[in-house]
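> turn this into a structure:
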Amino acid sequence: MEMEGILLQHNIAMPSRHILEDLADKFSESVERKGKIVVQFKQIWNWFQNRRYALRARGNKAPGKLNVSSSMPPGVDSTNQMRNVLSVPGVMRSDSYKSYLEFEAKSARDGAWYDVHNFLAHRNLETGDPEVQVRFAGFEVGEDEWIKVKKHIRLRSHPCEASECVAVLAGDLVLCFQEGKDQALYFDAKVLDAQRRRHDIRGCRCRFLVRYSHDQSEVGRSSFKLSLTIFLPVSSVLFHGLRI
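This next block holds a predicted model:
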């Protein structure tokens, strides 16, 4: 598949916006769609985002238990490592962290969570609520946002593997896929109920009833549409040596 090949060429990183737009135009001009269906950039972006999550889950090598630190070197404490790493370009205190720390941020435009491509700048408001300027993966300059650090920046959520479904319990907070008419995005949700089922060759067959935080809608979800969210304190994050 063409898009699968492009994703692998980019080492499972989100391709640039112009590549996604070219794909949308190409698919819109195909024989079966021309004049009937217009493929939107957002649809292509969603496909890449969802495929990246699926490939990350498949590549996780920690069977049988919840492992929110699988990408971190042995001996690194998951709480302490946050203290010196979230920084604007050129201020990263240790290059060794760059290879495995990834973040996600909540957009003010739609309330969904997106992968962070880069932190561009930071500022401290009079309210004492620091913000960082974020560029989301797959988006361009005009779509950068100022994001509140303490509420809307966190380590990237961990895709739920079939072997980890036992760790998902009623009351847990998760990042959950939600399909809409024109888009499919990731939102915070609370697990209301877990229906355990025997796994088969296809993997986990369990079902989870979740309530989305942004619209209070409730829906049943399979485990592959859940991502386990890593909640770590950000009060100790340093920007240019300034504790926030």
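> ranges for the helices of this protein?
2-9, 17-28, 41-59, 149-152 (DSSP state H).
> distance of the residue nearest to Leu55 when sequence neighbours are not counted relative to Leu23?
Leaving aside its chain neighbours, Leu55 sits nearest to Ile12 (5.4 Å; criterion: C-beta to C-beta, 6 or more residues apart in numbering). Bear in mind the C-beta positions are built from the backbone N, C-alpha and C, glycine included. Distance of Ile12 to Leu23, given as C-beta to C-beta, to the nearest Å: 17 Å.
> sorry, back to before: tell me the spacing between the residue nearest to Leu55 and Arg52.
6 Å.
> between the helices of the chain, which one is nearest to Asn124?
With C-beta to C-beta as the measure, helix 149-152 is the member of those nearest Asn124 (9.8 Å).
> what's near enough to touch Glu2?
By C-beta atoms under 8 Å, 6 or more residues apart in numbering, the contact list for Glu2 reads Leu23.
> show me this structure divided up by domain.
2-59, 80-156, 158-228 (automatic domain parsing).
> can you redo those domains as JSON lines with mean pLDDT?
Formatted as JSON lines, those follow (pLDDT from 0 to 100):
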{"stretch": "domain 2-59", "mean pLDDT": "80"}
{"stretch": "domain 80-156", "mean pLDDT": "75"}
{"stretch": "domain 158-228", "mean pLDDT": "82"}
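> Leu120: neighbouring residues, count only.
The local packing of Leu120 (other C-beta atoms under 10 Å) involves 15 other residues.
> next: the one 5 residues further on.
Burial of Leu125 is recorded as 10 neighbouring residues (other C-beta under 10 Å).
> now do the one 4 residues further on
Close neighbours of Asp129, defined as other C-beta under 10 Å, add up to 12.
> what's the nearest residue to it once chain neighbours are set aside in contact with, if anything?
Spatial nearest neighbour of Asp129, excluding adjacent residues (C-beta to C-beta, 6+ apart): Lys148 at 5.7 Å. By C-beta under 8 Å, 6+ apart, Lys148 lies in contact with Asp129, Pro130, Glu131.
> wait, the second one sits on Ala121?
No: contact criterion C-beta atoms under 8 Å: Pro130 and Ala121 do not qualify, at 11.3 Å.
> if we can go back for a sec, measure the residue nearest to Asp129 to Ala170 for me?
Taken as C-beta to C-beta, the span from Lys148 to Ala170 is 29 Å.
> the residue nearest to Asp129 pairs with what?
Lys148 has these beta-bridge partners by DSSP bridges: Glu131.
> what's near enough to touch Lys34?
Lys34 touches Ser28, counting by C-beta under 8 Å, 6+ apart.
> which phi and psi does it have?
The phi/psi pair for Lys34 (degrees, to the nearest 10) reads phi -60, psi 130.
> for Asp25, see how far away it is.
Distance from Lys34 to Asp25, by C-beta to C-beta: 11 Å.
> Gln133: neighbour count?
Gln133: 15 neighbours (other C-beta under 10 Å).
> that one touches Glu145, doesn't it?
Yes: counting by C-beta under 8 Å, Gln133 touches Glu145, with 7.2 Å between them.
> if we can go back for a sec, more neighbours: Pro130 and Ala121, which one.
Pro130 (20 against 13).
> once you drop chain neighbours, what's closest to Val132?
Closest to Val132 by C-beta to C-beta, 6+ apart is His122, at 4.8 Å.
> tell me the spacing between the one you found and Asp172.
31 Å.
> neighbour count: those two, which is higher?
Set side by side, His122 and Asp172 show more neighbours around His122, with 20 against 17, by other C-beta under 10 Å.
> look up how far Phe136 lies from the more buried one.
16 Å.
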